[in-house]
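> Sharing a model prediction with you, sequence too.
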Protein chains: 2
Amino acid sequence: MNYQELYKQIVAKKSFLCVGLDPDMAKLPQHLLSCEYPIFEFNKAIIDATAPYAVAFKPNCAFYEAEGLDGWKQFMMTVEYIKKNYPDILVIADAKRGDIGNTAKKYAQCFFKSMDCDAVTLAPYMGADSINPFLEYDGKWAVVLALTSNKSADDFEQLSSFDENDSDEDFDVEPLFMRVIRKVMTFGSKDNIMFVVGATRPEKLAEIRDVCPDNFLLVPGVGAQGGTVADVAKYGLNDHCGLLVNSSRGIIYASSGEDFAEAAAAAAKQLAGEMSVVL
Amino acid sequence: MNYQELYKQIVAKKSFLCVGLDPDMAKLPQHLLSCEYPIFEFNKAIIDATAPYAVAFKPNCAFYEAEGLDGWKQFMMTVEYIKKNYPDILVIADAKRGDIGNTAKKYAQCFFKSMDCDAVTLAPYMGADSINPFLEYDGKWAVVLALTSNKSADDFEQLSSFDENDSDEDFDVEPLFMRVIRKVMTFGSKDNIMFVVGATRPEKLAEIRDVCPDNFLLVPGVGAQGGTVADVAKYGLNDHCGLLVNSSRGIIYASSGEDFAEAAAAAAKQLAGEMSVVL
């Protein structure tokens, strides 16, 4: 899915909602646990219920990998189900992979060829070698970690950084996450690179928009983690929206009963409503 | 497996060799391709042939994930085979995972409970939240990326960094990888934390040993990538060895014919011989 197609979806649905599919076996509604594929059944219902309000789904690999081979299978079933039934919705594999050379190529093959995900989240630590192999696929996206919403993001992401070997830079000092954004932007374009920026630091969004006006930002942390759609929009919107705001727990666990899908739809509709106001 | 048990293996085998199991379907010996599980058959032969010379095996997730569900299954079969037949050998899942909170817990569950790997490689970008959930398992290890051997490691790992909010630090400037090592060391101990340091920068190993005298270092990059055992040992050895030197391609693809296992054994024996000299 390319930039224009994504933007078209956003305009059509008046929403920039990404629904995070993080199915924890301990939190699934009881009546699903006897199914052969409870995670997939859960996801299918959530997907059908929230698709009218969502422009992206983001299954988080860890929740599937933790369930062994059956979990991994249900990850694949989930991706296939979305691509078949909702081909206009972006599928982001939340994998946070980060490796180099042949290994990075294999990860790209896994998510873009073996499966047909549209995007994959990546860690930038090892530099261009971890990102570039994912940019060789037309219409696919690398979604690179920049400034995350967790407490220990301060450990490294916010360190003051400079490159003492680059004389052109005049030793300009900036936070590591900003250096990551500026550098990774040069690997590709707004058509194949997004950045992850947590909603819990909306004031940082404005700073990021100054150096990165065009790329989409994937923003987790709305809802359970304390960020609001209004704040994120205020600092993060650009002339093509430029935002995908993710909610996981607030939607998929809106109810733990048999009405979980209806409750998820209501929660997604609520967020999409807030988004339509700011668009 | 704990620190003492690992050291005991090293002394017994006079080796600190880690064999990287990166089975690329395009490079497997032809005669294995008709097997139901060609990757597993390949690994089994390599494991049996090199076990006398190796203290660790490191299957790299990407090569398995790229082959879909069957690939993931063969990853699990490989881990199980090693644990059952060679319980004294460390199994490092080369996964380079890096996520936070519940997600990090799920990854730890995947590699340490669903499977019985001894160690998993991790990316440090998001800080303590990405590492700590793995340290809650006794006898298991977090192997954290510090300074890697790829070209673009310079993009971020070598940036000069300081924490302007920490007045105790007097704005001391150091490379990001060094900051990662110093910080991550405080999350655990030599009993549950190792660092990845590429063999292609042996002079950096000496600097790292100054700040990190006790932790094991996992060192890739010997052989195909240009590092030598002698150089790595010169700068990296400590009084409990403190090194695991990895070789993948140089061992597993030593021959592409029916004699691949014998050739792998010979390559592993050669490296182990170099190691016994320096120990």
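On my side now, so go ahead. All figures in this text were calculated on a predicted structure; none of them were measured in a lab. Residues are numbered from 1 along each chain as shown, chains lettered A, B, ... in the order given.

> Just give me the neighbour total for the residue in the stretch 1-150 of chain A that chain B sits nearest to.
Nearest residue of the stretch 1-150 of chain A to chain B: A:G127, at 3.0 Å (CB to the nearest CB). For the C-beta atoms, the positions are set from N, CA and C on the backbone; glycine is no exception. Neighbours of A:G127 under the rule other CB atoms under 10 Å in any protein chain shown: 24.

> What residues does it make contact with?
A:183, B:150-157 (CB atoms under 8 Å, 6 or more residues apart in numbering or on different chains).

> Among those, which one has the most neighbours?
Highest count within those by other CB under 10 Å belongs to B:F156, 26 neighbours.

> Tell me how far that residue lies from A:A128.
In this view, B:F156 and A:A128 are 10 Å apart by CB to CB, to the nearest Å.

> circling back: among the contacts of A:G127, which two are most distant?
Farthest pair in the contacts of A:G127 (CB to CB) is A:K183 and B:N150. Separation: 14.8 Å.

> Mutual contacts of B:F156 and A:A128, please.
Counting by CB under 8 Å, 6+ apart, the contacts common to B:F156 and A:A128 are A:K183.

> near chain B, which residues of the stretch 151-279 of chain A?
Within the stretch 151-279 of chain A, the residues that sit near chain B (CB under 8 Å from any CB of the partner chain) are A:151-157, A:159-165, A:176, A:179-180, A:183.

> repeat that with 7 Å
A:151-157, A:159-164, A:176, A:179-180, A:183 (CB under 7 Å from any CB of the partner chain).

> just for the stretch 51-200 of chain A, where's the confidence low?
For the stretch 51-200 of chain A, the stretches flagged by pLDDT under 70 are A:167-171.

> So which residues of it form helices?
Remark: helices assigned in the stretch 51-200 of chain A by DSSP state H, counting those that start in this stretch are A:61-65, A:68-85, A:101-108, A:128-131, A:153-156, A:176-185.

> got a list of contacts for the last one?
Helix A:176-185 has contacts (CB atoms under 7 Å, 6 or more residues apart in numbering or on different chains) with A:124, A:131, A:144, A:146-147, A:156-159, A:161, A:193, A:195, A:208, A:211-212, A:215, B:155-156, B:159, B:161.

> buried stuff in it?
A:176-181, A:183-185 (16 or more other CB atoms under 10 Å in any protein chain shown).

> same deal with the second one?
Within helix A:68-85, the residues that count as buried by 16+ other CB under 10 Å are A:68, A:71-79, A:81-82.

> Now the two most distant members of these.
Taking CB to CB as the measure, the buried residues of helix A:68-85 span a maximum distance of 22.3 Å, between A:G68 and A:I82.

> Show the backbone phi and psi for A:S248.
Dihedral pair for A:S248: phi -110, psi -80, per degrees, to the nearest 10.

> OK, contacts around it?
By CB under 7 Å, 6+ apart, A:S248 lies in contact with A:20, A:22.

> residues contacting A:H240?
When contacts are counted by CB under 7 Å, 6+ apart, A:H240 touches A:Y7.

> Give me the local confidence score for it.
A:H240 is assigned 97 on the pLDDT scale.

> Got the phi and psi for it?
phi -120, psi 40.

> separation between it and A:L217?
A:H240 is 12 Å from A:L217, by CB to CB.

> same deal with A:F162?
Distance of A:F162 to A:L217, given as CB to CB: 24 Å.

> how about A:E41, phi and psi?
Taking degrees, to the nearest 10 as the convention, A:E41 sits at phi -60, psi -40.

> Tell me the confidence at the nearest residue to it once chain neighbours are set aside?
Leaving out its chain neighbours, the residue that sits closest to A:E41 by CB to CB, 6 or more residues apart in numbering or on different chains is A:C35, at 4.7 Å. Per-residue pLDDT puts A:C35 at 96.

> which SS state does A:C35 fall under?
coil (DSSP: H, G, I helix; E, B strand; the rest coil).

> Buried residues, stretch A:137-154. List them.
Residues of stretch A:137-154 classed as buried: A:137, A:140-150, A:152-153 (neighbour count, 16+ other CB under 10 Å).

> Point out the ones among those that are inside strands.
Among the buried residues of stretch A:137-154, DSSP state E puts A:141-147 in strands.

> returning to what we had before: of A:F162 and A:L217, who's got more company?
Shown here are A:F162 and A:L217; by other CB under 10 Å, A:L217 has more neighbours (28 against 18).

> State the distance from the more buried one to A:P87.
24 Å.

> Present the contacts of A:G127 as JSON lines; the columns should include distance to B:S15.
Converted to JSON lines, the contacts of A:G127 look like this (distance: CB to CB, whole Å):
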{"residue": "A:K183", "distance to B:S15": "39"}
{"residue": "B:N150", "distance to B:S15": "26"}
{"residue": "B:K151", "distance to B:S15": "29"}
{"residue": "B:S152", "distance to B:S15": "31"}
{"residue": "B:A153", "distance to B:S15": "27"}
{"residue": "B:D154", "distance to B:S15": "32"}
{"residue": "B:D155", "distance to B:S15": "34"}
{"residue": "B:F156", "distance to B:S15": "33"}
{"residue": "B:E157", "distance to B:S15": "29"}
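
> ok, those residues vs A:Y107, which is closest?
B:N150 (14.5 Å).
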